[in-house]
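Trainee: Fold the following and give me the result.
(one chain, ligands or ions: 1)
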Amino acid sequence: MTSEGGFPRAARRFDSVGFSEIVKVRNRVLELLAQGHRVWRFEGGEPYMPTPQPIKEAMAEALARNETRYAPSSGVPELRRAIVEKVRSKNGIPADEESPIVVNGGMHGLFSAFATLLDPGDEVLMLSPYWTPIVDVVAYHGAVPVLVPMPEALRDGITAALSRRKTDRTKVLYWNSPNNPTGYVFSRAECEETCAFVRDQGLALISDEAYEDLIYEGDPHVSPASFPGMADRTLSVFTLSKTYSMTGWRAGYVLVPKRWRTAMQTVVLYSINGVSTPTQWAALAALKLSDGFLAEARAGYRRRRDALVAGLRAAGFEIDPPRAALYLFPRTPPAVASSSVDAARALLDGPRVATVPGVVFGPEGEGHLRFSFSVPEETIAGGVEALKSVAGATAATR
Ligand code: PLP
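Mentor: As a prediction, the model looks like this:
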């Protein structure tokens, strides 16, 4: 059917594409706030601090210089040069000067990367739990997300778990380390093993490195494209959103192997025709920021993480502190509810604590709730107190 009630219907591709479940939670929170309720908000995914001043000033200076015209659609040359320098020295990726394409944040980078590679019917391997929008972006392109359960990969080995699900139609592996929602950071050996699989099977890798800078202890971040032969088959997607508290600016970049560059440039040209020019100058200032900013930001994240871990434990949640990213992903205490959707609803309707149900991140997330610890410290204190009323019930039923 091409029309409904005399109007053309929306494109069929949307029949299999969901709309963010996290946005649904946020809408319910906004509704409660509008009714005058106090809500302890842990459902988000934003840095807790504002954008650093030098980045804001760089935007103002760009405006004063009238940097307000079209820029090359793949990015301002000065910014692309700074990106090449950064990824070579910090990530060990052998990028050339044409590798980076500036995009409208990580989401747009990922959308464009999948658009560059996927045909209808192609299969994309991805470990689960995963960042929610990915399955929908894959489905939008008529391709099929093939979930690889993370517990199985950790138990049997990544190669074994991936091999069981690889078919003739597999084209891409989506990789996200550090991971949202679990905060898991893959080890160098796990990353190397995965890259060997991708190479041996002739696949492409889309590497989502949104949280590369938010690792609080242990081994540093590893970029898959830094391994031999991987830069030629990896689209490395980076965003300034989390590292520099720039979620609202919409700035990121993708490193694109030569063979896919024209396709990716075409996607960017016809979707956004380039990121806003003053924003790109602000992005350049971000990349030039001293490491002091990040060290201070990380200390603030670590403090919040530890406070929320201690508070949730006191409230009856079982939890291991994650090494990275912005989230805790504890099991839901059985007394709250058996499904994660019911648990999130119960915590919102009862103690007014907003979280995201774990099932939104894939079947392996069921039984969990996602809490962001990147929130004001008063929210952690108030939210934990509110949760203790539920904890009482938890302890009573044990
Ligand atoms: N990748 C992951 C794993 C994320 O969690 C996010 C945002 O939450 C993004 C990519 C995209 O971020 P943005 O579009 O703000 O740059």
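
Trainee: What residue in the stretch 1-150 of the chain comes nearest to the ligand?
Mentor: Proximity to the ligand, evaluated over the stretch 1-150 of the chain using Cβ to the nearest ligand atom, is greatest for residue 106 at 2.9 Å. C-beta coordinates here come from the backbone N, C-alpha and C atoms, glycine included.

Trainee: Spatially nearest residue to that residue (excluding sequence neighbours)?
Mentor: residue 239 (3.3 Å; Cβ to Cβ, 6 or more residues apart in numbering).

Trainee: if I read this right, that neighbour contacts residue 109, doesn't it?
Mentor: Yes: Residue 239 lies in contact with residue 109 (Cβ atoms under 8 Å); the separation is 6.7 Å.

Trainee: Mutual contacts of these two, please.
Mentor: residue 252 (Cβ atoms under 8 Å, 6 or more residues apart in numbering).

Trainee: Tell me which stretches of this structure form strands.
Mentor: Here the chain has its strands, by DSSP state E, at 3-4, 7-8, 40-41, 100-103, 123-128, 144-149, 170-176, 204-208, 234-239, 252-255, 327-328, 353-354, 356-357, 369-372.

Trainee: Pull up the residues of the protein that are close to the ligand.
Mentor: Within the chain, the positions near the ligand by Cβ under 6 Å from any ligand atom are 45, 105-107, 131, 176, 180, 208, 210, 239, 241, 247, 252.

Trainee: Listing request: residues of the stretch 1-150 of the chain with sub-threshold pLDDT.
Mentor: 1-2 (pLDDT under 70).

Trainee: Let's see that with 90 instead.
Mentor: 1-5, 13, 15-27 (pLDDT under 90).

Trainee: Spell out the residue ranges of the helices in it.
Mentor: Along the stretch 1-150 of the chain, counting by DSSP state H, counting those that start in this stretch, helices occupy 21-34, 53-64, 77-86, 105-117, 133-140, 150-156.

Trainee: Mean neighbour count added to those, as CSV?
Mentor: Putting the helices of the stretch 1-150 of the chain into CSV (neighbours: other Cβ atoms under 10 Å) gives the following:
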stretch, mean neighbour count
helix 21-34, 14
helix 53-64, 16
helix 77-86, 17
helix 105-117, 24
helix 133-140, 20
helix 150-156, 15
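
Trainee: Relative to residue 194, which of those is closest?
Mentor: helix 150-156 (9.2 Å; Cβ to Cβ).

Trainee: Show me what the closest one is in contact with.
Mentor: Contacts of helix 150-156 (Cβ under 8 Å, 6+ apart): 127, 128, 129, 161, 162, 182, 184, 364.

Trainee: okay if I get those residues as JSON lines plus distance to residue 354 and neighbour count?
Mentor: Formatted as JSON lines, the contacts of helix 150-156 follow (distance: Cβ to Cβ, whole Å; neighbours: other Cβ atoms under 10 Å):
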{"residue": "127", "distance to residue 354": "26", "neighbour count": "27"}
{"residue": "128", "distance to residue 354": "23", "neighbour count": "20"}
{"residue": "129", "distance to residue 354": "19", "neighbour count": "28"}
{"residue": "161", "distance to residue 354": "33", "neighbour count": "20"}
{"residue": "162", "distance to residue 354": "35", "neighbour count": "22"}
{"residue": "182", "distance to residue 354": "19", "neighbour count": "26"}
{"residue": "184", "distance to residue 354": "23", "neighbour count": "21"}
{"residue": "364", "distance to residue 354": "22", "neighbour count": "20"}
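
Trainee: And those residues, which two are furthest apart?
Mentor: 162 and 182 (18.0 Å).

Trainee: May I have the beta-bridge partners of the residue of the stretch 251-398 of the chain at minimum distance from the ligand?
Mentor: As assessed by Cβ to the nearest ligand atom, the ligand sits closest to residue 252 within the stretch 251-398 of the chain, at 5.1 Å. Counting by DSSP bridges, residue 252 forms beta bridges with residue 103, residue 239.

Trainee: Report pLDDT for it.
Mentor: pLDDT recorded at residue 252 is 98.

Trainee: That one and residue 117: what is the separation?
Mentor: Counting by Cβ to Cβ, to the nearest Å, the separation of residue 252 from residue 117 is 18 Å.

Trainee: Quick one: residues contacting the closest residue to residue 71 other than its chain neighbours.
Mentor: Leaving aside its chain neighbours, residue 71 sits nearest to residue 277 (4.6 Å; criterion: Cβ to Cβ, 6+ apart). Contact partners of residue 277, counting by Cβ under 8 Å, 6+ apart, are 62, 67, 68, 69, 70, 71, 76.

Trainee: Can you report how many residues neighbour the second one?
Mentor: Which is residue 67. For residue 67, the neighbour count with other Cβ atoms under 10 Å is 16.

Trainee: do the last one as well
Mentor: Using other Cβ under 10 Å, residue 76 is surrounded by 21 other residues.

Trainee: wait, what's in contact with it?
Mentor: Contacts for residue 76 were tallied using Cβ under 8 Å, 6+ apart; they are 102, 277, 280, 281, 284.

Trainee: now swap in the fifth one and tell me
Mentor: Residue 70 sits next to 273, 274, 277 when contact means Cβ under 8 Å, 6+ apart.

Trainee: Likewise for the second one?
Mentor: Taking Cβ under 8 Å, 6+ apart as the criterion, residue 67 is in contact with 277, 278, 281.

Trainee: What residues does the second one make contact with?
Mentor: The one in question is residue 278. 59, 62, 63, 67, 68.

Trainee: Just give the closest residue to residue 259, not the sequence neighbours.
Mentor: Spatial nearest neighbour of residue 259, chain neighbours left out: residue 232 (7.5 Å); criterion: Cβ to Cβ, 6+ apart.

Trainee: dump the residue contacts of that neighbour.
Mentor: 257, 258, 259.

Trainee: make it 10 Å
Mentor: Contacts for residue 232 were tallied using Cβ atoms under 10 Å, 6 or more residues apart in numbering; they are 94, 199, 204, 225, 257, 258, 259, 260.

Trainee: From residue 230, how far out is the fifth one?
Mentor: This points to residue 257. Separation of residue 257 from residue 230 (Cβ to Cβ) stands at 9 Å.

Trainee: Overlap of the contact sets of those two?
Mentor: Residues touching both residue 257 and residue 230 (Cβ under 10 Å, 6+ apart) are residue 236.
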